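Novice: sequence unknown, structure follows:
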């Protein structure tokens, strides 16, 4: 993405004017140079404290062709969604995506919805960066693409393939894609159907949030611990400043929705 985000714990979430342009890439691609927090400090910091977990009222069968890793899609309690989204300062469709993904996370991972929300804020302000609007279907009003990964400046050189071009439209170079900014090769591994519509689409926050949940939990980290949480988020983007930005956002969401 071409913006650095700033989350103010005591104020409604918003993208502030005058932010410094920077290129932020997912899953091992080069990122903007920033002053790096001490790695030992990050690992020793506690995991962001947990807000109330999502409330599921039922489950729906996945449609034909859906993700076979989980047989059902949770139906999240609508009163919980409305109250929690208002307190957090995000849209109901965004929170629904994070809640569903959390409820379907692998057992033992201890992933909180606030962690996914922290990632979603840093990557794209929950699909609203640049004045976009996140629809009820979890899709931003226009596609969110990072810069061309052409090897210039701080980005890696990743040539496009026919398959990845179909996602981002560039026949020459790949781009990070969608609200959670997956690069195409990573999406090929973690593609997920988060809403049971039979498709796995990186531009759909429902799908991308579930893919991110699976990715964060893949290495067996215990996200209830500071070291496990930091290692999981660091695996998502290998930059300590990114880990701290996600932590700050996750803590802010937990604080806003506590009690």
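Specialist: Right, received. Where do you want to start? Please read all numbers here as calculations on a predicted model, not as lab measurements. Numbers count the residues shown, from 1 in each chain.
Novice: Distance check, residue 155 against residue 183.
Specialist: As judged by Cβ to Cβ, to the nearest Å, residue 155 and residue 183 stand 10 Å apart. Bear in mind the C-beta positions are built from the backbone N, C-alpha and C, glycine included.
Novice: Quick one: mean pLDDT for stretch 222-239?
Specialist: Regarding stretch 222-239, the rounded mean pLDDT is 92.
Novice: In it, which of the residues would be classed as buried?
Specialist: Buried residues in stretch 222-239, defined by neighbour count with 16 or more other Cβ atoms under 10 Å: 222-223, 226, 228-237, 239.
Novice: Can I get those in CSV including distance to residue 258?
Specialist: Shown next, in CSV, are the buried residues of stretch 222-239 (distance: Cβ to Cβ, whole Å):
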residue, distance to residue 258
222, 22
223, 18
226, 19
228, 22
229, 18
230, 22
231, 25
232, 22
233, 21
234, 26
235, 27
236, 25
237, 27
239, 28
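Novice: Let's have those residues in JSON lines, adding secondary structure and distance to residue 120.
Specialist: Listed next are the buried residues of stretch 222-239 as JSON lines, based on DSSP: H, G, I helix; E, B strand; the rest coil; distance: Cβ to Cβ, whole Å:
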{"residue": "222", "secondary structure": "coil", "distance to residue 120": "22"}
{"residue": "223", "secondary structure": "coil", "distance to residue 120": "16"}
{"residue": "226", "secondary structure": "helix", "distance to residue 120": "21"}
{"residue": "228", "secondary structure": "helix", "distance to residue 120": "20"}
{"residue": "229", "secondary structure": "helix", "distance to residue 120": "16"}
{"residue": "230", "secondary structure": "helix", "distance to residue 120": "18"}
{"residue": "231", "secondary structure": "helix", "distance to residue 120": "20"}
{"residue": "232", "secondary structure": "helix", "distance to residue 120": "15"}
{"residue": "233", "secondary structure": "helix", "distance to residue 120": "12"}
{"residue": "234", "secondary structure": "helix", "distance to residue 120": "17"}
{"residue": "235", "secondary structure": "helix", "distance to residue 120": "17"}
{"residue": "236", "secondary structure": "helix", "distance to residue 120": "12"}
{"residue": "237", "secondary structure": "coil", "distance to residue 120": "13"}
{"residue": "239", "secondary structure": "coil", "distance to residue 120": "17"}
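Novice: Please identify which pair of these lies farthest apart.
Specialist: Longest distance between any two of these is 21.9 Å, between 222 and 239; criterion Cβ to Cβ.
Novice: Thank you, goodbye.
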